[in-house]
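>>> sequence-free structure coming up:
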């Protein structure tokens, strides 16, 4: 769908600039998205203060070293990360980690890794990994529809016994599937480290580092913890060291090299690292990750309650309520009625609710999506739910 040069309402062209007072705009974009207002204010103050900002500081300077040390410490304390894990700041986004994971954990292309494929991003991760190792896939598609609507069971039989790791995405943003807690592996497979793409749900719920079998967690910053251009990687230290990575692994992606260099092997994203520190400080000030989880539950419930009570006016693809995403709520109107959907998008946009449909090279998808990351407040979600409720009342047959 190409709207460039056509006469169409801005809301249907993906505009994020409604003609409304800026403070009334609510950004439901799937990422990049807005940071909490308090964090944005801290960033603005840091840019306006006298002297050099992190945008201009040399990464070798003591001033930036202080920023880096603070961010690492704040990430560790906020997310309760044990000392036997390294905290890294990587380039290349989540897609970079799709390659970095097998390149670091599979020294030989003959090595096997098990991938749980239950949505868009785990599928893309598995396809990238095939370049560097043998991928054993657990297919989470519905056998009848081919859609991804749930997280498949993990059994001794469907996990390859010789896997170097087991890979999963804890929140599939497009498909609306989330693991609110990590799955328990079968006893005979618990020795295999878990690799988790937590790009869209990191810092929204506690993580059981000790009992979860976690080898690697990575999260691109642009959903819940910062801006595009930075990816947080947390790796268990026994998985790094001489000879652990493939000889093909570029230095910029090499976990061992970057751990040894303490995030300074090359120039890191200095400003983005500082922003992550501010975000982690905000989480602690707000009551910690447990409080963030409570808010995430409340925000998602406000939307799902409207969907479930709409007598079919709204639909959502994930019927298993225990796996419904708290981060991304997909929904359609009357089974995907185009005229009604366009009315919804235009009216919500004119009220300042933006980002509910994203234009991509692959089209617009079958569902609208309300992404309710840390930058969206409970009150913001309630405004959308109220609009949805009123819209359904007005347009129901």
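Cool, the structure landed. Everything quoted here is computed from the prediction, not taken from an experiment.

>>> quick one: residue 254 and residue 70, what's the gap?
Counting by C-beta to C-beta, to the nearest Å, the gap from residue 254 to residue 70 is 25 Å. (Each C-beta comes from the backbone N, C-alpha and C, glycine too.)

>>> more crowded one of the two?
Between residue 254 and residue 70, counting by other C-beta atoms under 10 Å, residue 254 is the more crowded of the two (20 against 16).

>>> Can you check the pLDDT for the spatially closest residue to that one that is not a sequence neighbour?
Spatially, and ignoring its direct neighbours in sequence, residue 254 is nearest to residue 245 (5.6 Å; C-beta to C-beta, 6 or more residues apart in numbering). pLDDT for residue 245: 98.

>>> Is residue 245 located within a strand, as I assumed?
No - counting by DSSP: H, G, I helix; E, B strand; the rest coil, residue 245 is not part of a strand but coil.

>>> Now for it, how many residues are close by?
The tally of other residues near residue 245 (other C-beta under 10 Å) stands at 24.

>>> Next, it: phi, psi?
phi -90, psi 160 (degrees, to the nearest 10).

>>> my guess is residue 80 contacts residue 206, does it?
Yes - under the criterion of C-beta atoms under 8 Å, residue 80 makes contact with residue 206 at 7.2 Å.

>>> tell me, what's touching these two both at once?
residue 289 (C-beta atoms under 8 Å, 6 or more residues apart in numbering).

>>> Show me which positions of the helix or strand bottoming out on mean pLDDT in the chain end up buried.
Lowest on mean pLDDT, DSSP states H and E among the helices and strands of the chain sits helix 37-48, with a mean of 95. By 16 or more other C-beta atoms under 10 Å, the buried positions in helix 37-48 come out as 39, 42, 43, 46.

>>> The biggest helix by length in the chain - what's its average pLDDT?
The longest helix of the chain (DSSP state H) is helix 289-308. Averaging pLDDT along helix 289-308 yields 98.

>>> Same question for stretch 139-157.
On average, stretch 139-157 scores 94.

>>> just stretch 120-129 next, same as before
On average, stretch 120-129 scores 97.

>>> For it, could you pull out the residues that count as buried?
Applying a neighbour-count criterion of 16+ other C-beta under 10 Å, one finds 120, 121, 122, 123, 124, 125, 126, 128, 129 buried in stretch 120-129.

>>> quick one: which of those is nearest to residue 304?
residue 120 (20.7 Å; C-beta to C-beta).

>>> you'd agree that closest one is up against residue 177?
No - using C-beta under 8 Å as the test, residue 120 is too far from residue 177 to be in contact (10.1 Å).

>>> Quick check: neighbours shared by those two?
By C-beta under 8 Å, 6+ apart, the residues touching both residue 120 and residue 177 are residue 148.

>>> okay but residue 236 is in contact with residue 85, surely?
Yes - if you go by C-beta under 8 Å, residue 236 and residue 85 touch, sitting 5.5 Å apart.

>>> which of the two has more neighbours?
residue 85 (21 against 18).

>>> Please name the residues that touch the spatially most central residue of the chain.
With distances taken as C-alpha atoms, centre = their mean, the chain has residue 200 as the residue nearest its mean C-alpha position (1.3 Å). For residue 200, the contact set (C-beta under 8 Å, 6+ apart) comprises 30, 31, 171, 173, 219, 223, 224, 327, 328, 373.

>>> Kindly confirm my reading that it is in a strand.
No - counting by three-state DSSP, residue 200 is not part of a strand but coil.

>>> For residue 310, see how far away it is.
25 Å.

>>> for residue 222, same thing?
31 Å.

>>> Looking at the two, which has the bigger crowd around it?
residue 222 (24 against 19).

>>> In terms of pLDDT, where does that one sit?
Residue 222 is assigned 96 on the pLDDT scale.

>>> Might one say that it is in contact with residue 31?
Yes - with contact defined as C-beta under 8 Å, residue 222 reaches residue 31; the gap is 4.8 Å.

>>> Do me a favour and get the end-to-end distance for stretch 373-382?
End-to-end distance for stretch 373-382, by C-alpha to C-alpha, to the nearest Å: 14 Å.

>>> could you give the mean pLDDT of it?
On average, stretch 373-382 scores 98.

>>> Contacts for it next, please.
26-28, 31, 33-36, 200, 203-204, 223-225, 279, 283, 292, 295, 298-300, 302-303, 327, 370, 372.

>>> Flag the shaky bits of this protein, pLDDT-wise.
1-6, 361-362 (pLDDT under 70).

>>> could you pull out the strands for it?
For the chain, strands defined by DSSP state E occupy the ranges 26-27, 85-90, 112-117, 134-139, 163-169, 171-172, 177-178, 194-197, 214-220, 231-236, 314-315, 328-333, 353-354, 368-371.

>>> Residue 155 is nearest to which of those strands?
Here strand 134-139 is closest among the strands of the chain (C-beta to C-beta), at 9.0 Å.

>>> just to revisit the earlier point, let me know the closest of the contacts of residue 200 to residue 314.
So of these, ranked by how close each gets to residue 314 (C-beta to C-beta), first place is residue 328, at 15.1 Å.

>>> Out of the buried residues of helix 37-48, flag the one nearest to residue 352.
So of these, ranked by how close each gets to residue 352 (C-beta to C-beta), first place is residue 39, at 20.2 Å.

>>> Isn't that closest one up against residue 277?
No - taking contacts as C-beta under 8 Å, residue 39 lies outside contact range of residue 277: 10.1 Å.

>>> so what's residue 197 bridging to?
residue 169, residue 218 (DSSP bridges).

>>> Contacts only, for it.
Contacts of residue 197 (C-beta under 8 Å, 6+ apart): 94, 97, 121, 122, 125, 167, 168, 169, 170, 218, 219.

>>> repeat that for 10 Å
By C-beta atoms under 10 Å, 6 or more residues apart in numbering, the contact set of residue 197 is 94, 97-98, 101, 121-122, 124-125, 167-172, 216-220.
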